[in-house]
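Chemist: sequence and predicted model, in that order:
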Amino acid sequence: MATLKEIRNRIESVKNTRQITNAMRMVAASKLRKAQENILKARPYADYINDMLKTLKLKNKTTTHPLLVDVPEEGRIAFVIVTSDRGLCGSFNSQIIREAHKYIKQNPHADIICLGKKGFDYFKKHSRKITDSYTGLFNEMDFSVSKNVAEKLLDLYLEENYIKIDVLYNEFKSAIQQNITVKQLLPIIPIESDEVTTLDFIYEPDEDIIIEELGRKYVHVDIWRIMLESSAAEQGARMTAMDSATDNAAELIDVLTLYFNRARQAAITKEIIEIASGAEAIQ
Amino acid sequence: MDKLHLEVIQPFKIRISSDFDHIIVPGVDGDFGIDINHTPFITKIRPGILQLYKGNQIEKYAIHDGFVTVENNMIKIICEVVEKTNEINVKRAASSKERAEKRLKSSADDIDFRRAEVSLKRALVRLELGSK
């Protein structure tokens, strides 16, 4: 049996771990709230661009603008995988990677783009060719960061003749529930909405330029939303993981304390017996 | 009397949501004024000064990009950057103007002229509004 000192040390170390996991849980909770707030704040902007694009698409049903066309049958596909930069968030990344494998099985020739360090590390290790990667963005996330990513993806799409770009990411449902989604980023599919105006707008300079610029903005805000969703989901997953880690640590401390008390009691009993038998021997 | 309702929407917040009598927007094809019952209209915004008239008061903002739609006296502007006079850092604008000018003058190949031009325009707008 372990000595008293060993058990005491063990308890101390588990207590420290519990403190750390508890702190991480609280940090994740506050980051989660921030990401959630940003998702809500981005909504009017995104909705408005969506409505305008929808109107434009309805008006130009036969548009050949690459940002709004229907996906052709054959061609190259780019596949963006959004993971987190850091670990300790439960099964968050492994779930994404599992889904990514399913997608790659269906589209073996898709070019992989990694957003987030964990996915990049994984696919690099498993010797998949990675076309492009963006890592370390989630820590200092703001709109200009996501805009840069979006611009690079747009350039890639327009210059390399991809027929479409799909994004795989964790959609935020609630702190304990995430929803893995594949979304077509490009060409843009405006979301159905009721607020489509039938008014005949005058477009200045002309419709193609408006589509191009508006389409770019749409992708900017889409990437921004995807990164926020993923980040919120990541923090949610981390919160849950750290919560159960803290619980487990508490349980472990209870068990160890019990062992400690038993060992202490045993030591005391042993000493008493020794004294008693020593006294008896003298008599 | 009817009023124009203006909403200026940024990616992270609704910056302005209020009624005005008359609005002047810097469009790509020139500044244009919006009065009551303007025809439905969509245009891109160029770096310039957004002027909002309410009674005999006037509010001015530096605006750098985005779109404006006019529809039934409802004006919506989406943009990433919009700044009031007191939010403008004149020093920074001056130095970025210098930087952009230097870039435009240099003949190196790796310079993104479009970007330098845009940043010069932005700096000029900021300076124009900020130094008043």
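Modeler: Sure, I can see it.
Chemist: can you give me the helices for chain A?
Modeler: With DSSP state H, the ranges of helices along chain A come out as A:4-59, A:92-106, A:117-125, A:143-159, A:207-282.
Chemist: now do the first one: distance to the chain's middle.
Modeler: For helix A:4-59, the distance between its averaged C-alpha position and the chain's averaged C-alpha position is 9 Å (Cα atoms, centre = their mean, to the nearest Å).
Chemist: repeat for stretch A:179-188
Modeler: Distance of stretch A:179-188 from the chain centroid (Cα atoms, centre = their mean) equals 15 Å.
Chemist: tell me the buried residues in that stretch?
Modeler: A:180, A:183, A:185-188 (16 or more other Cβ atoms under 10 Å in any protein chain shown). Using the backbone N, CA and C atoms, a C-beta is placed for each residue, glycine as well.
Chemist: return the subset of these lying in strands.
Modeler: Of those, the ones assigned to strands by DSSP state E are A:180, A:183, A:185-186.
Chemist: can you list the buried residues of stretch A:179-188 in JSON lines and add distance to residue B:54?
Modeler: JSON lines is the format used below for these (distance: Cβ to Cβ, whole Å):
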{"residue": "A:180", "distance to residue B:54": "49"}
{"residue": "A:183", "distance to residue B:54": "42"}
{"residue": "A:185", "distance to residue B:54": "41"}
{"residue": "A:186", "distance to residue B:54": "41"}
{"residue": "A:187", "distance to residue B:54": "42"}
{"residue": "A:188", "distance to residue B:54": "37"}
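Chemist: which one of those residues is nearest to residue A:263?
Modeler: Using Cβ to Cβ, residue A:180 comes nearest to residue A:263 of the buried residues of stretch A:179-188, at 47.7 Å.
Chemist: contacting residues around that closest one?
Modeler: Shown in contact with residue A:180 (Cβ atoms under 8 Å, 6 or more residues apart in numbering or on different chains): A:95-96, A:99, A:168-171.
Chemist: at 10 Å what do you get?
Modeler: Applying Cβ atoms under 10 Å, 6 or more residues apart in numbering or on different chains, one finds that residue A:180 lies in contact with A:92, A:95-96, A:98-100, A:102, A:168-171, A:233.
Chemist: and it, what are its bridge partners?
Modeler: In this entry, residue A:180 is beta-bridged to residue A:170, by DSSP bridges.
Chemist: now distance to chain B too, for the helices of chain A, in CSV please.
Modeler: CSV is the format used below for the helices of chain A (distance: least, Cβ to the nearest Cβ, whole Å):
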stretch, distance to chain B
helix A:4-59, 5
helix A:92-106, 25
helix A:117-125, 25
helix A:143-159, 5
helix A:207-282, 6
